[in-house]
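Chemist: Here's a sequence, model it:
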Amino acid sequence: MFKLTKPATSEREIKKSRFATIAAPVADEAAARAFVAENSFADASHNCWAWRLGADYRFSDDGEPGGTAGKPILQAIEGQEIDDVVVVVSRWFGGVKLGTGGLARAYGGSAAECLRQAEKQPVIATTLLSVSVLFTDLALVEARLETFDDIAVRARDFSQDGAVFQLDVPDSRLVGLAEYLRDLTSGRAGIDPDILAGPPPET
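Modeler: All right, here's what the predicted structure looks like:
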């Protein structure tokens, strides 16, 4: 799975109809709908779009025959395995009808071309890890966490005995980080979920 790192645009002409495409990363449905509204041309014949956010998706043919625009755009998104993205394809009719098959190829192809050219990065699976440390270990743990570029501190809440960190950790780093923090604090750090505990003993 991939995500766009920034918006991308492309344009092409098919049988005198002009197709302009813009794709962008979005965080939620509200942002996707706002992007569609902001990037639809008033003078275009149709502003067709699709967006995907995890398992949620929406698309619109905006007056084109059903299934010839929004769905092909969504299929282009899915075909390139891109998530958290919105794509708008605007068409200015050039006087030559494309037919339903031609429209589907034009909209889907325009979206696919734009997404191929867009800058992307792979989506890395992460887990939210809760780490509790005593005040005696707090400064050392904070200093070491700042050296990791791939681990994000989402929150730090103080408790009676110390602090609890909420860390966004790549799944491939979970065990290694837990072991590192346990060693760093001589076993005093609390890890939740306790991925070092192993399976329960058989009875």
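Chemist: and residue 128, that's in a strand?
Modeler: Yes - assigned with DSSP: H, G, I helix; E, B strand; the rest coil, residue 128 falls within a strand.
Chemist: Across the sheet, point out what pairs with it.
Modeler: For residue 128, the beta-bridge partners are residue 168 (DSSP bridges).
Chemist: Also residue 91?
Modeler: residue 19, residue 46.
Chemist: and if you look at residue 155?
Modeler: Here residue 155, judged by DSSP bridges, has bridge partners residue 166.
Chemist: Now do the same for it: its pLDDT.
Modeler: Looking at residue 155, its pLDDT reads 92.
Chemist: any idea how far residue 17 is from it?
Modeler: Distance, residue 155 to residue 17, using C-beta to C-beta, to the nearest Å: 51 Å. Where you see a C-beta, it was placed from the backbone N, CA and C, and this is true even at glycine.
Chemist: neighbour-wise, which of these two wins?
Modeler: Taking neighbours as other C-beta atoms under 10 Å, residue 155 and residue 17 compare with residue 17 leading, 20 against 11.
Chemist: That one contacts residue 98, correct?
Modeler: Yes - between residue 17 and residue 98 there is a contact under C-beta atoms under 8 Å: 6.8 Å.
Chemist: Excluding residues flanking it in the chain, which one is nearest residue 24?
Modeler: Excluding its sequence neighbours, the residue lying closest to residue 24 (C-beta to C-beta, 6 or more residues apart in numbering) is residue 7, at 4.0 Å.
Chemist: Just read off the phi/psi values of residue 61.
Modeler: Main-chain torsions, residue 61, degrees, to the nearest 10: phi -90, psi -10.
Chemist: Report the contact partners of it.
Modeler: When contacts are counted by C-beta atoms under 8 Å, 6 or more residues apart in numbering, residue 61 touches 46, 48, 67, 68, 69, 70, 71.
Chemist: what does residue 28 give?
Modeler: residue 53.
Chemist: what's downstream of the helix or strand encompassing residue 103, the next helix or strand?
Modeler: Per DSSP states H and E, residue 103 falls inside helix 99-117. Next along the chain after helix 99-117, taking DSSP H and E as the criterion, comes strand 120-122.
Chemist: what lines up beside that following strand in the sheet?
Modeler: Here strand 120-122 has these sheet partners by DSSP bridges: strand 2-4 (antiparallel).
Chemist: can you list the residues that contact the partner strand?
Modeler: 23-25, 80-85, 115, 118-123.
Chemist: so how far is it off the chain centroid?
Modeler: 6 Å (C-alpha atoms, centre = their mean, to the nearest Å).
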